[in-house]
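Chemist: Sequence plus predicted model, see below.
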Amino acid sequence: MNAASEHSLRIQTLANSVLAGDRRALSKAITLVESAQPLDRALALNLLDIIMPYTGKAKRIALSGSPGVGKSTFIEAFGQFLIEQGETIAVLAIDPSSKRTGGSILGDKTRMPTLANNPKAYIRPTPSGNLLGGVARRSREVIALCEAAGYSTLLIETVGVGQSETDVSEMTDCSILLLQPASGDALQGIKRGIMEMADIVIINKADGDLLPAARHSAAHYLQSLALMPKRMPDWACPVLLCSALEKTGLDALHEKIREYFVLAKENTYFSKKRSEQLSTWLEDETLAELISAFKAQPELQAQYQALQQSLASGVSPARLAVEFARKIIAPTQP
Ligand code: GDP
């Protein structure tokens, strides 16, 4: 057998195992799509070709919140709850800050010990090492693989600081924002842009002494949300109370998510959002491929560096950029 058919057999076997729900195969497949090696990339694309028809069936739920609001405690509790309702879950993490800190703080199995040991849950291991263009770049492929492996709900965790390099809400169907009880400046301080991205807001830690502050915060956020544009027609973003620690409020949240998906499917918001997700995927990858092709050409790099030199002369960077881009795209035109 030649090398090419050996590779293709290997990928077909891996795809079959992923489709059969084999967790080790899923981890292997994720490592493959995250690899920056050119041969791995070619194999990853073959793998995606095979699994694409089996993707798209899961609910893609984004869960964001600042560090400390209780995301891992919540996922641990809500994940268990969903499994009791017959779901299977994959927990993925997109950590926009990992480029700067040099490693993901999210997606760590030890943060969700019960869920990590449940055969109906898959927690994506923390990405590490030789990633191609940041953690977020391959997230869509990881989502596709988890769907092909048959998980019915994907919880995609992110630190909600609104600076994710690839907007998580561009990859998901429903965005949940997790907040905690607050008062005074902290209550006012939550950024409008972050609230505007939410389909469902949860005030976690609504327990014990924190309960009155949780109720007060919920009323405050509900008022702010009423003044914001609706993300989905006819959907007023609800603010729910829950305690991940005491496992309260989870059934009400589950019901809200169900209502959200029913409405989204009825009014075609869901199908539009899914087709937008595919379009932005195509756009992002096209741009990324163009940039790497550009970077791989020493002659173009040299020309670009020459442009940088000419900046000091006071010429407009906008003008230089336009002319340079035109020259690359249509080199024969005057
Ligand atoms: P993350 O950084 O957002 O993942 O937050 P963690 O899940 O690690 O939780 C941060 C802290 O908040 C921990 O000390 C948790 O025990 C605590 N915590 C999380 N959920 C709750 C809750 O529902 N009630 C209370 N009282 N504390 C909570």
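Modeler: That came through, no problem. Note that the structure is a prediction, hence the values are computed from the model and not measured. Numbering: from 1, shown residues only.
Chemist: Flag every residue of the stretch 101-250 of the chain that's near the ligand.
Modeler: 204-205, 207, 210, 243-245 (C-beta under 6 Å from any ligand atom). No exception for glycine: its C-beta is placed from N, CA and C like everyone else's.
Chemist: Pick out the most distant pair among those residues.
Modeler: L210 and A244 (12.1 Å; C-beta to C-beta).
Chemist: Which one's more surrounded, these two?
Modeler: A244 (24 against 17; other C-beta atoms under 10 Å).
Chemist: hang on, the more buried one packs against E76?
Modeler: Yes. The criterion here is C-beta atoms under 8 Å, and A244 meets it with E76 at 7.3 Å.
Chemist: Pick out the residue nearest the middle of this protein.
Modeler: V168 (4.0 Å; C-alpha atoms, centre = their mean).
Chemist: what sits against it?
Modeler: 62, 64, 94, 136, 139, 156, 158, 175 (C-beta atoms under 8 Å, 6 or more residues apart in numbering).
Chemist: From L222, how far out is it?
Modeler: Distance from V168 to L222, counting by C-beta to C-beta, to the nearest Å: 23 Å.
Chemist: Backbone dihedrals for the residue nearest to D22 when sequence neighbours are not counted, both of them.
Modeler: Distances taken as C-beta to C-beta, 6 or more residues apart in numbering place A149 nearest to D22, at 7.7 Å, with adjacent residues excluded. Phi and psi for A149, reported as degrees, to the nearest 10, are phi -80, psi 0.
Chemist: so who does A149 touch?
Modeler: Taking C-beta under 8 Å, 6+ apart as the test, what A149 contacts is 18-19, 21-23, 25-26, 90, 122.
Chemist: same deal with K295?
Modeler: So K295 contacts Q301 (C-beta under 8 Å, 6+ apart).
Chemist: Which residue ranges of this protein form helices?
Modeler: Ranges of helices in the chain, per DSSP state H, are 3-19, 23-34, 38-51, 71-84, 98-101, 113-116, 139-148, 184-189, 192-196, 211-226, 250-266, 269-295, 298-310, 317-329.
Chemist: any idea which of those helices is most buried?
Modeler: helix 139-148 (a mean of 24; mean count of other C-beta atoms under 10 Å).
Chemist: now the angle from that one to helix 38-51?
Modeler: 40 degrees (axes from the mean of the first three to the mean of the last three C-alpha atoms, to 10 degrees).
Chemist: Quick one: mean pLDDT for helix 139-148?
Modeler: Mean pLDDT, helix 139-148: 94.
Chemist: now stretch 76-96
Modeler: Stretch 76-96 comes out at a mean pLDDT of 90.
Chemist: Give the residue spans of this structure that score low on pLDDT.
Modeler: Low-confidence segments of the chain, defined by pLDDT under 70, are located at 95-110, 125-136, 159-166, 331-334.
Chemist: What segments of the stretch 101-250 of the chain are strands?
Modeler: 121-123, 153-159, 174-179, 200-203, 239-241 (DSSP state E, counting those that start in this stretch).
Chemist: and of those strands, who's closest to I194?
Modeler: strand 174-179 (6.7 Å).
Chemist: The closest one: how far from the chain's middle?
Modeler: Taking C-alpha atoms, centre = their mean, to the nearest Å, the mean C-alpha location of strand 174-179 is offset from the chain mean by 13 Å.
Chemist: same thing with stretch 2-9?
Modeler: Using C-alpha atoms, centre = their mean, the offset of stretch 2-9 from its chain centre is 33 Å.
Chemist: any idea how far C174 is from I143?
Modeler: Taking C-beta to C-beta, one finds C174 at 14 Å from I143.
Chemist: intersection of neighbour lists for those two?
Modeler: R60.
Chemist: Now stretch 53-73 - C-alpha only, PDB.
Modeler: C-alpha atoms of stretch 53-73 as PDB (Å, rounded to 0.1, in the frame of the first residue of the first chain):
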ATOM      1  CA  PRO A  53     -22.600  15.200   6.700                       C
ATOM      2  CA  TYR A  54     -23.000  14.000  10.300                       C
ATOM      3  CA  THR A  55     -22.700  17.400  11.900                       C
ATOM      4  CA  GLY A  56     -25.200  20.100  12.800                       C
ATOM      5  CA  LYS A  57     -27.500  18.200  15.000                       C
ATOM      6  CA  ALA A  58     -26.400  19.400  18.400                       C
ATOM      7  CA  LYS A  59     -27.600  22.500  20.300                       C
ATOM      8  CA  ARG A  60     -24.600  24.800  20.400                       C
ATOM      9  CA  ILE A  61     -24.700  26.800  23.600                       C
ATOM     10  CA  ALA A  62     -22.200  29.400  24.500                       C
ATOM     11  CA  LEU A  63     -21.600  30.100  28.100                       C
ATOM     12  CA  SER A  64     -19.700  33.200  29.100                       C
ATOM     13  CA  GLY A  65     -18.800  34.900  32.300                       C
ATOM     14  CA  SER A  66     -15.900  36.500  34.100                       C
ATOM     15  CA  PRO A  67     -13.500  34.400  36.000                       C
ATOM     16  CA  GLY A  68     -15.000  33.500  39.400                       C
ATOM     17  CA  VAL A  69     -18.700  33.800  38.500                       C
ATOM     18  CA  GLY A  70     -19.000  30.000  38.800                       C
ATOM     19  CA  LYS A  71     -18.700  28.700  35.200                       C
ATOM     20  CA  SER A  72     -17.100  25.400  36.100                       C
ATOM     21  CA  THR A  73     -19.300  24.800  39.100                       C
END
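Chemist: Many thanks, have a good one.
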